[in-house]
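S.K.: Based on what follows, work out the 3D shape:
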Amino acid sequence: MKMIIENTEAEGLESLLGETITLFCMCYFYTGKLVGVNRSCIKLEDPYIVYETGDFSEKGWKDAQKLPHKYFYITTNTIESFGLMK
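M.R.: Numbering: from 1, shown residues only. Now for the predicted structure:
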């Protein structure tokens with residue numbers, strides 16, 4: 001797994017290491033600090049599952065539930081889109 005060590009030229013998920021990102025996946029949305037990326041999965045720190053977004057212009061999510069772990073892994077083949085949101 002690639003981890004945050006130093007900033008190098010990267011693209012896609014690797015370019016967002018260290019950022020709090022939002023992932024739109026097949027069934028759910030997730031948000032958290034991206035701390036690891038490899039070919040099969042990503043690792044989020046301080047992860048939340050977003051059940052209801054509310055208005056995207058709002059500062060926070062309408063209903064985001066904290067997952068009961070420091071880290072949470074998501075398989076890359078379930079990710080439809082991702083980026084910096086809130």
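S.K.: for Leu13, helix, strand, or coil?
M.R.: helix (DSSP: H, G, I helix; E, B strand; the rest coil).
S.K.: helices or strands next to the lowest-mean-pLDDT helix or strand in the chain in the packing?
M.R.: Within the chain, no helix or strand scores below strand 2-3, which has a mean of 72 by mean pLDDT, DSSP states H and E. Packing contacts for strand 2-3, counted by 3 or more CB pairs under 8 Å, 6 or more residues apart in numbering; DSSP states H and E, involve strand 29-37. Using the backbone N, CA and C atoms, a C-beta is placed for each residue, glycine as well.
S.K.: now the helix or strand that the strand it packs on is followed by and strand 29-37, what's the angle there?
M.R.: Downstream of strand 29-37, the first helix or strand assigned by DSSP states H and E is strand 41-52. Per axes from the mean of the first three to the mean of the last three CA atoms, to 10 degrees, the angle that strand 41-52 makes with strand 29-37 is 170 degrees.
S.K.: Could the C-alpha coordinates of strand 41-52 be exported in CSV?
M.R.: Backbone C-alpha positions of strand 41-52 (Å, rounded to 0.1, in the frame of the first residue of the first chain) are rendered in CSV as follows:
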residue,chain,number,x,y,z
CYS,A,41,-8.3,-0.8,-2.1
ILE,A,42,-8.0,2.5,-0.3
LYS,A,43,-7.7,3.3,3.4
LEU,A,44,-9.7,6.0,5.1
GLU,A,45,-8.9,7.5,8.5
ASP,A,46,-11.8,8.9,10.6
PRO,A,47,-14.3,7.3,8.2
TYR,A,48,-18.0,8.2,7.8
ILE,A,49,-20.8,6.7,5.8
VAL,A,50,-23.0,9.3,4.2
TYR,A,51,-26.7,8.3,4.2
GLU,A,52,-28.1,11.7,3.2
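S.K.: Please name the strands paired to that strand in the sheet, noting orientation.
M.R.: Note on strand 41-52: by DSSP bridges, its sheet partners are strand 29-37 (antiparallel), strand 63-66 (antiparallel), strand 71-75 (antiparallel).
S.K.: Indicate which one of those is closest to Gly83.
M.R.: Of all the strands paired with strand 41-52, it is strand 29-37 that lies closest to Gly83, at 10.7 Å by CB to CB.
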